[in-house]
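Chemist: Predicted structure and sequence below. I'll ask about it afterward.
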Amino acid sequence: MSKKSIPAISEAELDDEKTISMRRMWLKEHRTAIYIGVAILLIIAVFFGIRYYNNVTHPLTRFVKASAKDFNSSFTFALEAQKDGKAVMKYKGAYTADPSKQDLQVIYDADYGEYTYTGAVYAVGDTYISGNLYDGKWRVRDCTDKVLNFFDFNTDYRKGSFDGASFLRFTELTSQYTAGELNRFMELFKNRMDGKNPLASLEITSTGDVKTYSYQIDTTEFFDLVRDKGASIFFSAIDYDAFCALYKLNEKSVAQSECTFSYSINGAGWMTNLRVSLTVGGEVYAVECTMDDFGKAEVEIPEEFFDAEVSE
């Protein structure tokens, strides 16, 4: 019987065969580790995928996105503060902003019942001034810090995040609260505002293309949250102790109060309505703001505003 001839293997082919053989052996020896590693990667992918999905669909994420869209464009607004359904303050005006240039213009009429006035803010180029018209005379002052602090806060806000430091600078509360701790508390607050927590229940309704999110907030849960988890927010321990003492004195009233927070978003993603109300001692206090003319509103500030002397 003739023997089959075995084809010769070149040195290069032999090296390739050794490499393939070594890979097979490695895969066989580390099969369990590979399976575990793949499983871990899948779990991580699913975990972060769910977290991303939850963040995007979280009601407060939608609130931030819609309100940021409003304040980074233009709109007309009508704001009213009420007591037992009767208006005690009214504001009506127009707003426009260009965050890329840090330009901002606002004009509004304010009605306090006993007196009325017109207010304006103009921040374009190197000019940052605000003022009000009362008794036929404009009183104007510099507002550079206020506007720049607003845009500083707005930079993060329109990206969907809350920056405690810029928020406190804008609201001039840096001496009362701690920025880092405020950030952490706001994240905790957001997590508990998903509508599935004792802090707040959530009802979502639709009318046409407008979706309304209505929170019923448990005021006792909220004040307990601040007392138990928010001590480090306060810049001063004395301020925190004062808050706790005041809460203890009014604990019964807080327990009997009702708080609602609602906002509406249309199909184009604009926030059209925002309302906060508090019922305590049989009286209902509310603030409501409606917005319209998105992306089309124009602000017309009178020439007399620019002619007024700017005070410090």
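Modeler: Great, that's in hand.
Chemist: On the pLDDT front, check residue 296 for me.
Modeler: You'll see residue 296 listed with a pLDDT of 95.
Chemist: ok, now which ones touch residue 279?
Modeler: By Cβ atoms under 8 Å, 6 or more residues apart in numbering, the contact set of residue 279 is 257, 258, 259, 285. Backbone N, C-alpha and C define where each C-beta goes, glycine included.
Chemist: how close does residue 233 get to residue 173?
Modeler: Noted for residue 233: a distance of 11 Å to residue 173, by Cβ to Cβ, to the nearest Å.
Chemist: Quick check: the gap between the closest residue to residue 156 other than its chain neighbours and residue 208.
Modeler: Leaving aside its sequence neighbours, residue 156 sits nearest to residue 163 (Cβ to Cβ, 6 or more residues apart in numbering; 4.1 Å). From residue 163 across to residue 208, the span is 35 Å (Cβ to Cβ).
Chemist: tell me which element the closest residue to residue 233 other than its chain neighbours falls in.
Modeler: Closest residue to residue 233 apart from its sequence neighbours, by Cβ to Cβ, 6+ apart: residue 181 at 4.8 Å. When elements are assigned from DSSP states H and E, residue 181 belongs to helix 179-191.
Chemist: and that helix, C-alpha only, in PDB?
Modeler: Extracted C-alpha coordinates of helix 179-191, given in PDB (Å, rounded to 0.1, in the frame of the first residue of the first chain):
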ATOM      1  CA  ALA A 179     -23.900  74.800  46.400                       C
ATOM      2  CA  GLY A 180     -22.500  71.200  46.400                       C
ATOM      3  CA  GLU A 181     -25.000  70.000  49.000                       C
ATOM      4  CA  LEU A 182     -27.800  71.800  47.100                       C
ATOM      5  CA  ASN A 183     -26.900  69.800  44.000                       C
ATOM      6  CA  ARG A 184     -27.000  66.500  45.900                       C
ATOM      7  CA  PHE A 185     -30.400  67.400  47.500                       C
ATOM      8  CA  MET A 186     -31.900  68.400  44.200                       C
ATOM      9  CA  GLU A 187     -30.900  65.000  42.700                       C
ATOM     10  CA  LEU A 188     -32.500  63.300  45.700                       C
ATOM     11  CA  PHE A 189     -35.600  65.400  45.300                       C
ATOM     12  CA  LYS A 190     -35.800  64.600  41.600                       C
ATOM     13  CA  ASN A 191     -35.500  60.900  42.300                       C
END
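Chemist: Beyond the helix or strand hosting residue 156, next helix or strand please.
Modeler: Counting by DSSP H and E, the element that carries residue 156 is helix 144-157. Per DSSP H and E, the first helix or strand lying C-terminal to helix 144-157 is helix 164-170.
Chemist: ok, the residue nearest to residue 233 - how many residues close by?
Modeler: For residue 181, the neighbour count with other Cβ atoms under 10 Å is 17.
Chemist: which residues touch it?
Modeler: So residue 181 contacts 164, 230, 232, 233 (Cβ under 8 Å, 6+ apart).
Chemist: taking these one by one, which sit in helices?
Modeler: Those of those mapping onto helices are residue 164, per DSSP state H.
Chemist: for the contacts of residue 181, which one is nearest residue 222?
Modeler: Here the nearest of those to residue 222, counting by Cβ to Cβ, is residue 230; it sits at 10.1 Å.
Chemist: ranges for the strands of the stretch 151-300 of the chain?
Modeler: 196-197, 200-207, 210-217, 258-265, 271-280, 283-292 (DSSP state E, counting those that start in this stretch).
Chemist: Find the residue at the geometric middle of this structure.
Modeler: residue 64 (3.8 Å; Cα atoms, centre = their mean).
Chemist: More neighbours: which of residue 233 and residue 173?
Modeler: More neighbours surround residue 233 than the other of residue 233 and residue 173, with 22 against 14 (other Cβ under 10 Å).
Chemist: who touches the more buried one in this structure?
Modeler: Counting by Cβ under 8 Å, 6+ apart, the residues that residue 233 touches are 177, 178, 181, 182, 185, 226.
Chemist: could you redo the last one with a cut-off of 6 Å?
Modeler: By Cβ atoms under 6 Å, 6 or more residues apart in numbering, the residues touching residue 233 are 177, 178, 181, 182, 185.
Chemist: Surely the last one is in contact with residue 228?
Modeler: No. Assessed by Cβ atoms under 6 Å, residue 185 is found out of contact with residue 228, at 11.0 Å.
Chemist: Of these two, which one has the most company?
Modeler: A count of neighbours by other Cβ under 10 Å puts residue 185 above the other of residue 185 and residue 228, at 20 against 8.
Chemist: so how far is residue 162 from the more buried one?
Modeler: From residue 185 to residue 162 the distance is 10 Å (Cβ to Cβ).
Chemist: just residue 81 next, same as before
Modeler: Taking Cβ to Cβ, one finds residue 81 at 25 Å from residue 162.
Chemist: Likewise for residue 285?
Modeler: Separation of residue 285 from residue 162 (Cβ to Cβ): 25 Å.
Chemist: Right, I'll call it a day here.
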